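> have a look; sequence and predicted model below, questions after that.
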Amino acid sequence: MLRWLTFAVALIVLTACSTDSKPLQEVLPATVEGWTRTQTAPIDAASAPELVKQLGLKRAASATYTGPATATVRVYEMNVATSAFELIQKWRQQDGLAVYNGAYFVVAEPGSAPQVSALLEGLRKQLQQ
């Protein structure tokens, strides 16, 4: 009887704590400090960089923004925020400028225009858990 009660309580707690999360494309802001999102698309987890997959990728998407230039960014939502923090420490900036906020790790495509750092900083500020 005690096992059944423990199981029931655990199930209720898990159900109460779970939330339906929005698709990652909807998490990305439509405008960011003079930049406008023009398109988004999910990214297949298999095509993510190996380091990202090793640290616990939850889901990923790409987005194109236009503004002072056109820039494409990839957003990786990690299972835990510490994984995004570890990614920013290990990421090689020649593979694309990167920022993180909470569980989100955002990378601009390599060779992006110099103005892309303003976009990344705006995304870093707006992405919330």
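Thanks, I have the structure now.

> okay, CA-based contacts and neighbour counts for the rest of this
Noted.

> next secondary structure after the helix or strand harbouring Tyr100?
Remark: Tyr100 resides in strand 98-101, with elements defined by DSSP states H and E. Sequence order places strand 104-108 as the next helix or strand after strand 98-101, per DSSP H and E.

> re earlier: show residues contacting the strand holding Tyr100.
For strand 98-101, the surrounding residues in contact (Cα atoms under 8 Å, 6 or more residues apart in numbering) are 81, 84-85, 88, 91, 105-108, 120-121, 124-125, 127-128.

> what's the most distant pair in the residues you listed?
Trp91 and Gln128 (21.2 Å; Cα to Cα).

> what about those two, which has more around it?
Between Trp91 and Gln128, counting by other Cα atoms under 10 Å, Trp91 is the more crowded of the two (16 against 12).

> nearest spatial neighbour of that one, skipping sequence neighbours?
With sequence-adjacent residues excluded and distances taken as Cα to Cα, 6 or more residues apart in numbering, Trp91 is closest to Ala98, at 7.7 Å.

> mind checking how far that neighbour is from Arg92?
Ala98 sits 9 Å away from Arg92 when distances are taken as Cα to Cα, to the nearest Å.

> for Ala81, same thing?
Ala81 is 19 Å from Arg92, by Cα to Cα.

> so which of those two has more stuff around it?
Ranked by neighbour count (other Cα under 10 Å), Ala81 and Arg92 place Ala81 first, with 17 against 11.

> how about the nearest residue to the more buried one, chain neighbours excluded?
With Cα to Cα, 6+ apart, the residue lying closest to Ala81 is Ala103, at 3.8 Å.

> okay, stretch 118-125 in CSV with CA atoms only?
Coordinates of each C-alpha in stretch 118-125 appear next as CSV, following Å, rounded to 0.1, in the frame of the first residue of the first chain:
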residue,chain,number,x,y,z
ALA,A,118,24.6,43.4,-31.7
LEU,A,119,22.0,40.8,-32.8
LEU,A,120,23.6,38.1,-30.6
GLU,A,121,23.7,40.4,-27.6
GLY,A,122,20.0,41.3,-28.2
LEU,A,123,19.1,37.6,-28.5
ARG,A,124,21.1,36.9,-25.3
LYS,A,125,19.0,39.5,-23.4
